[in-house]
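Engineer: the following block contains a protein sequence and its predicted model.
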There are 2 protein chains.
Amino acid sequence: METMAVHAFDGFPDVRSGDSIPDLVVTCLRDHGFLPVDGDVLVIAHKVVSKAEGAMRNLATVRPGEEARALAEETDKDPRLCQVILEQSRRIVRHRRGLIIAEQRLGFVCANAGIDHSNAGGGDWVVTLPDDPDRSARAVRDAVHAAFGASVGVIINDSHGRAWREGAIGCCIGCAGIAPIHSHIGQVDRHGYVLRTSTEAVADELASAATLLQGQSAEGRPLALIRGAPVEPGEAGAGAIVRPAEKDLFR
Amino acid sequence: METMAVHAFDGFPDVRSGDSIPDLVVTCLRDHGFLPVDGDVLVIAHKVVSKAEGAMRNLATVRPGEEARALAEETDKDPRLCQVILEQSRRIVRHRRGLIIAEQRLGFVCANAGIDHSNAGGGDWVVTLPDDPDRSARAVRDAVHAAFGASVGVIINDSHGRAWREGAIGCCIGCAGIAPIHSHIGQVDRHGYVLRTSTEAVADELASAATLLQGQSAEGRPLALIRGAPVEPGEAGAGAIVRPAEKDLFR
């Protein structure tokens, strides 16, 4: 029997700009008496990373340009929010009343370019995605190695909607220490059939597993640890999960 | 600290047409001395369900029609496989050389309408999706309740590719006993902000968590049990996850 355990920790502090997420992660694990070991995967909700790194905007200070005002008109959204979405995006993939799906500057296709009001601090504050979530993940990996001597994987996750299916799911937007994609090509099934096309986005599946326990609201637990997952070392980063636009039939 | 455990069981037999998946699941749990409890979620790879229910085709017996031959020409795929894909689909959503994305008759949008050669028994055999995966899930739920007195959720899962992102992930295609989608609308964040749009496809996240341990090849473990997941009772079935075509901007 194979077993994988997902733990989500209570007591993660309310994060402010300038806080060190690597330090807070190490402290949280210590406070719970939890010793990470080689092969563990830490999953961190991007919102605390964004806030610590100051990846936030106060809409009260945003002046929407012409393109933002036009997008706001067509979608019934706040023109100031539309301005930030445009600044954070390579392009708008689809829009209609109440909905903007954007290709965020890192390549992730998601609603509002990943910008979110919730847990942003209230008022006109919104949280954007971190500048470089792979770099944020590497900093946590290095701090955990320094503190505990353990080689862990780190995933920064967010909840994204999908084409074709209702409901958001946890997705990997930053990754360090593990390969985000596994290839099963060349593996042999029970009948000797050789798999020819199968790749698995392991980092997204781990991100989803953690999201189940991290929660979305007041009782959020932004830090999770997964033990027993079938991970492989790797340095690709979350960009390996982004399908290049020219290969994508749905952009 | 919240904890969720995912167990994937070894020793599930090689399934043949006519086998009873509910009986095999109960036997597998008993063989491992594993007693399910209320709130556990069993996740079963669709392939064993399909094979037990005879949802298979031998391409040697398939005569491709004109539409299938045209599709095969455009995609470089086996015309007999194309015939089965068309029979299993409402429509072809996109196709190009080497790739067919179809809206399978149950509404799931996936490559080859979910039809797969691997673990199909070798030769020209292919496996299709089960006729009614929600019904298959309910049968397992009822058998587990009869055998152990536990009210469990049951998910039938498959690995599907996505728009925008590389790699397949585990998805729910059949569901019983739990709500596949949770709404966070109306929940309050740490700062009093009320969530307005957030729904979460919990059943897909559970399907992904299980896929990590189920494996794709010879050592496959088609049965997993998840304990400690934040599930809610529900009877909606996996159809609740399918976005209606008329609401979908990517079909």
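Structural biologist: Received the coordinates, thanks.

Engineer: sticking with residue A:180, tell me its helix or strand.
Structural biologist: Of the helices and strands defined by DSSP states H and E, none includes residue A:180.

Engineer: surely it meets residue A:202?
Structural biologist: Yes. With contact defined as Cβ atoms under 8 Å, residue A:180 counts as touching residue A:202 (6.6 Å). Yep, even glycine has a C-beta here, placed from its N, CA and C like the rest.

Engineer: any residues in contact with both of these two?
Structural biologist: Counting by Cβ atoms under 8 Å, 6 or more residues apart in numbering or on different chains, the residues touching both residue A:180 and residue A:202 are residue B:167.

Engineer: touching chain B at all, the helix ranked longest in chain A?
Structural biologist: The longest helix of chain A (DSSP state H) is helix A:133-148. No. Figure legend: helix A:133-148 not in contact with chain B (Cβ under 8 Å from any Cβ of the partner chain); closest approach 14.8 Å.

Engineer: what mean pLDDT would you report for that helix?
Structural biologist: Helix A:133-148 comes out with an average pLDDT of 98.

Engineer: next one: stretch A:90-108
Structural biologist: Rounded mean pLDDT across stretch A:90-108 is 96.

Engineer: show me where the stretch 51-200 of chain A dips below the pLDDT cut-off.
Structural biologist: Applying pLDDT under 70 to the stretch 51-200 of chain A flags the ranges A:195-197.

Engineer: how about 90 then?
Structural biologist: By pLDDT under 90, the low-scoring segments of the stretch 51-200 of chain A are A:117-123, A:184-198.

Engineer: contacts only, for the residue of it found nearest chain B.
Structural biologist: Closest approach between the stretch 51-200 of chain A and chain B, counting by Cβ to the nearest Cβ: residue A:167, at 3.0 Å. Residue A:167 sits next to A:161, B:180, B:181, B:182, B:199, B:200, B:201, B:202, B:204, B:241 when contact means Cβ under 8 Å, 6+ apart.

Engineer: I'd say the last one and residue B:204 touch.
Structural biologist: Yes. Applying Cβ under 8 Å as the test, residue B:241 and residue B:204 come out as touching, 6.5 Å apart.

Engineer: who has more neighbours, those two?
Structural biologist: residue B:204 (30 against 25; other Cβ atoms under 10 Å in any protein chain shown).

Engineer: which SSE is the more buried one in?
Structural biologist: According to DSSP H and E, residue B:204 maps onto helix B:202-214.

Engineer: start and end of stretch A:101-115, how far apart?
Structural biologist: Stretch A:101-115 has an end-to-end distance of 11 Å (Cα to Cα, to the nearest Å).

Engineer: correction: stretch A:78-97
Structural biologist: The first and final residues of stretch A:78-97 sit 12 Å from each other (Cα to Cα).

Engineer: and for stretch A:35-55?
Structural biologist: 30 Å.

Engineer: returning to what we had before: find residues that contact each of residue B:241 and residue B:204.
Structural biologist: Residues touching both residue B:241 and residue B:204 (Cβ under 8 Å, 6+ apart): A:165, A:167, B:171, B:172, B:180.

Engineer: got a list of what the closest residue to the first one other than its chain neighbours touches?
Structural biologist: Once flanking residues are discounted, residue A:165 sits nearest to residue B:241: 5.3 Å by Cβ to Cβ, 6 or more residues apart in numbering or on different chains. Neighbour list for residue B:241: A:165, A:166, A:167, B:171, B:172, B:175, B:180, B:181, B:201, B:203, B:204 [criterion: Cβ under 8 Å, 6+ apart].

Engineer: backbone torsions only: list them for residue A:193.
Structural biologist: Dihedral pair for residue A:193: phi -70, psi 130, per degrees, to the nearest 10.

Engineer: wait, doesn't it sit right on residue B:120?
Structural biologist: Yes. The criterion here is Cβ under 8 Å, and residue A:193 meets it with residue B:120 at 7.3 Å.

Engineer: neighbour count: these two, which is higher?
Structural biologist: Between residue A:193 and residue B:120, residue B:120 has the larger neighbour count (other Cβ under 10 Å), namely 24 against 20.

Engineer: for chain A, see how far away that one is.
Structural biologist: Per Cβ to the nearest Cβ, to the nearest Å, residue B:120 is found 7 Å from chain A.

Engineer: wait, that residue touches residue B:14, no?
Structural biologist: No. Contact criterion Cβ under 8 Å: residue B:120 and residue B:14 do not qualify, at 11.8 Å.

Engineer: name the element the spatially most central residue of chain A belongs to?
Structural biologist: Nearest residue to the geometric centre of chain A (Cα atoms, centre = their mean): residue A:157, 2.4 Å. For residue A:157, the element it lies in under DSSP H and E is strand A:153-160.

Engineer: can I get that strand in CSV, CA atoms only?
Structural biologist: Written as CSV, here are the backbone C-alpha positions of strand A:153-160 (Å, rounded to 0.1, in the frame of the first residue of the first chain):
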residue,chain,number,x,y,z
GLY,A,153,10.1,20.4,-3.1
VAL,A,154,8.2,23.7,-2.9
ILE,A,155,5.1,24.6,-4.8
ILE,A,156,3.4,28.0,-4.8
ASN,A,157,-0.3,27.4,-5.6
ASP,A,158,-3.3,29.3,-6.7
SER,A,159,-6.9,28.3,-7.6
HIS,A,160,-7.7,28.7,-11.3
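
Engineer: ok, it: who's next to it in the sheet?
Structural biologist: Partners of strand A:153-160 in the sheet, by DSSP bridges, are strand A:41-45 (parallel), strand A:169-176 (antiparallel).

Engineer: all strands of the stretch 51-200 of chain A, in order?
Structural biologist: With strands called from DSSP state E, counting those that start in this stretch, the stretch 51-200 of chain A shows them at A:56-58, A:89-96, A:99-104, A:109-111, A:125-127, A:153-160, A:169-176, A:182-183, A:199-200.

Engineer: now render those as a markdown table, adding distance to residue B:96.
Structural biologist: Listed next are the strands of the stretch 51-200 of chain A as a markdown table, based on distance: least, Cβ to Cβ, whole Å:
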| stretch | distance to residue B:96 |
| --- | --- |
| strand A:56-58 | 39 |
| strand A:89-96 | 19 |
| strand A:99-104 | 21 |
| strand A:109-111 | 19 |
| strand A:125-127 | 38 |
| strand A:153-160 | 25 |
| strand A:169-176 | 25 |
| strand A:182-183 | 21 |
| strand A:199-200 | 18 |
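
Engineer: pick the most deeply packed of those strands.
Structural biologist: Of the strands of the stretch 51-200 of chain A, the one with the most neighbours on average (mean count of other Cβ atoms under 10 Å in any protein chain shown) is strand A:169-176, at a mean of 30.

Engineer: ok now that one, how far from the chain's centre?
Structural biologist: Centroid separation between strand A:169-176 and its chain, computed with Cα atoms, centre = their mean, to the nearest Å, is 4 Å.

Engineer: quick one, that strand and helix B:202-214 angle?
Structural biologist: In terms of direction (axes from the mean of the first three to the mean of the last three Cα atoms, to 10 degrees), strand A:169-176 departs from helix B:202-214 by 50 degrees.

Engineer: quick revisit: and the helix holding residue B:204, is it in reach of chain A?
Structural biologist: Yes. Interface with chain A: helix B:202-214 contributes B:202, B:204, B:205, B:206, B:208, B:209, B:211, B:212, B:213 (Cβ under 8 Å from any Cβ).
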